[in-house]
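K.L.:
Mind looking at a prediction? Sequence and model below.
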Amino acid sequence: MTGFPEKERVDSYRDHLSTVWGIAATASTDALTHRLSSTEYQDFVNWKNTIAMDNHPSTLDRFYHWLMSGSRFGSVQSSRWVEILTSGIWATVALQELNLCGPVLDIGCNAGYWNSWMSYHSQTAITGMDKREVAIHFGQKRQNELGLENTLLVADFMDAHPAHLYTAIVSLQGLTESFHHQDKRIFESVAAYLMKDGYLIMIDELPGQSLHYEKMWKQAGFHLFAAGMAGGLGIDHEWKSYLALVLKLGGTDTTKTIVDAENATEQLWQSFHLFGTDATIDWTLRNSAYWWAAHEDAVVFL
Ligand SMILES: C[S@@+](CC[C@H](N)C(=O)[O-])C[C@H]1O[C@@H](n2cnc3c(N)ncnc32)[C@H](O)[C@@H]1O
């Protein structure tokens, strides 16, 4: 069990998301309609509908291209701020608790929202990777303007041959597409980037049976090390929750299973829910990052 980072740090990440990347808490779709023309907003809705029916990588590529060009980027991204904020804070706490020194790789980093803040915060350069060229080019340019030394690589982690090995990999919803495509090699591919005894810090939705993923990561030599739950109120006050896991490559296997992780995080979510439904707190603060800042546990070691 662990305590939690101070509120200033959550505020600092929230400010960074807003000022550097245009990702902010929005009360409704107003921010989108405010910053997008009505035609662009309609295009966005059309894209969402298209992707709901066809999430093939080439369709997503075209969507990302549309999303990252022009001034619409920040506006559209603002609808994802809760998952971006709470996942980024959780990964930061988990990394801090693991107390590692060594290189970190951020898989599926998009423009590098988290790694850009993390390197401000920790004064260390992080390598980011994403298969979408347009996101990496946009992010690298922005990070260079900020004087950051992170290197962002265009690569598909499933195909790439790592030039370096990393002590830790962070993936914030970066494996989702691969899960949806039911690729069996996901965890083997991630493991190829890790040093012996390295860690994968991942926050994602595991579609379907989570036991299926447990089998996959065990086959790749990982075991469950820690868990948590990130989320809160999103756009239009919808609840969003994400399972956060730390998997360790190699070392001693444990008897803890995904079911133990889910039970532990379910308890966390229940106590968070009291905070999350407290109408006296501004809704934009009713997320797990601010709950942790009120000294609740963020990471459960299994
Ligand atoms: C939902 S976004 C998450 C972005 C960022 N990590 C965040 O927290 O906001 C998922 C990202 O993963 C990237 N991605 C998906 N599959 C990938 C793959 N096989 N290799 C590299 N990047 C991938 C996508 O291009 C996208 O930018």
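P.N.:
Received it, and whenever you're ready, just let me know what you need. Note that the structure is predicted; figures quoted are calculated from it, not measured.
K.L.:
For the closest residue to the ligand within the stretch 1-150 of the chain, which non-adjacent residue is closest in space?
P.N.:
Closest approach of the stretch 1-150 of the chain to the ligand (C-beta to the nearest ligand atom) occurs at Gly108, with a separation of 2.8 Å. Bear in mind the C-beta positions are built from the backbone N, C-alpha and C, glycine included. Leaving aside its sequence neighbours, Gly108 sits nearest to Gly174 (C-beta to C-beta, 6 or more residues apart in numbering; 1.9 Å).
K.L.:
distance of the one you found from Ala135?
P.N.:
From Gly174 over to Ala135 the distance is 11 Å, taken as C-beta to C-beta, to the nearest Å.
K.L.:
ditto for Ala111
P.N.:
Between Ala111 and Ala135 the distance, using C-beta to C-beta, works out to 5 Å.
K.L.:
Tell me which of the two has more neighbours.
P.N.:
Between Ala111 and Ala135, Ala111 has the larger neighbour count (other C-beta atoms under 10 Å), namely 26 against 23.
K.L.:
so who does that one touch?
P.N.:
By C-beta atoms under 8 Å, 6 or more residues apart in numbering, Ala111 lies in contact with 21, 68, 135-136, 138-139, 142, 152.
K.L.:
got it, and Asp130?
P.N.:
So Asp130 contacts 108-110, 136, 139, 152-155, 174 (C-beta under 8 Å, 6+ apart).
K.L.:
Equivalent analysis for Pro57, please.
P.N.:
Contact criterion C-beta under 8 Å, 6+ apart gives 177, 181 as the residues in contact with Pro57.
K.L.:
Check what pLDDT the residue nearest the centre of the chain gets.
P.N.:
With distances taken as C-alpha atoms, centre = their mean, Leu172 lies nearest the centre of the chain, 2.2 Å away. Among the per-residue scores, Leu172 holds a pLDDT of 97.
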